[in-house]
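Enquirer: What follows is a protein structure lacking sequence information:
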C-alpha cells in the first residue's frame with residue numbers, strides 16, 4: 001500500500017459536510033470498528049477514534065438522519081484499487 005492508497009483520516013457520507021470526498025466514496029471504503037466490519041457508518045475519524053452511525057429512522061428538522069457517535073478503534077481501507 002502506498003500513501004495514495006490510504007483513505008482520508010476523516011470521511012463523511014453527507015454531501016453537505018466539509019469532510020465529504022466523492023472520489024474516495026466511489027472507490028468504496030471499508031470500516032472495521034473494534035474488530036467488527038461495519039457497513040452502516042455515516043462518518044468516521046481515525047485519529048480521534050470514533051464513528052457515527054444512523055440512529056434508526058429518526059430525522060432532524062432538516063431531514064438529515066440523526067446519528068450516534070461511538071468511540072473505539074477505527075481501521076479503514078479501500079475496497080477497490082485505484
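Expert: Arrived safely, thanks for sending. Treat the numbers as computed from the prediction; the structure is a model and nothing was measured. Numbers count the residues shown, from 1 in each chain.
Enquirer: Can you name the secondary structure element that comes next after the top strand by length along the chain?
Expert: Longest strand of the chain, by residue count under DSSP state E: strand 50-59. Downstream of strand 50-59, the first helix or strand assigned by DSSP states H and E is strand 65-71.
Enquirer: Please list the residues outside that following strand that contact it.
Expert: 33, 42-43, 49-60 (CB atoms under 8 Å, 6 or more residues apart in numbering). In this view, the C-beta of every residue, glycine as well, is placed from N, C-alpha and C.
Enquirer: Show me how to select, in ChimeraX, the buried members of those.
Expert: Here is the ChimeraX command that selects the buried residues among the contacts of strand 65-71 (16 or more other CB atoms under 10 Å):
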select :33,42,43,50,51,52,53,54
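Enquirer: Mind listing the strands the longest strand of the chain pairs with, and their directions?
Expert: Sheet pairing for strand 50-59, assigned by DSSP bridges, gives strand 41-45 (antiparallel), strand 65-71 (antiparallel).
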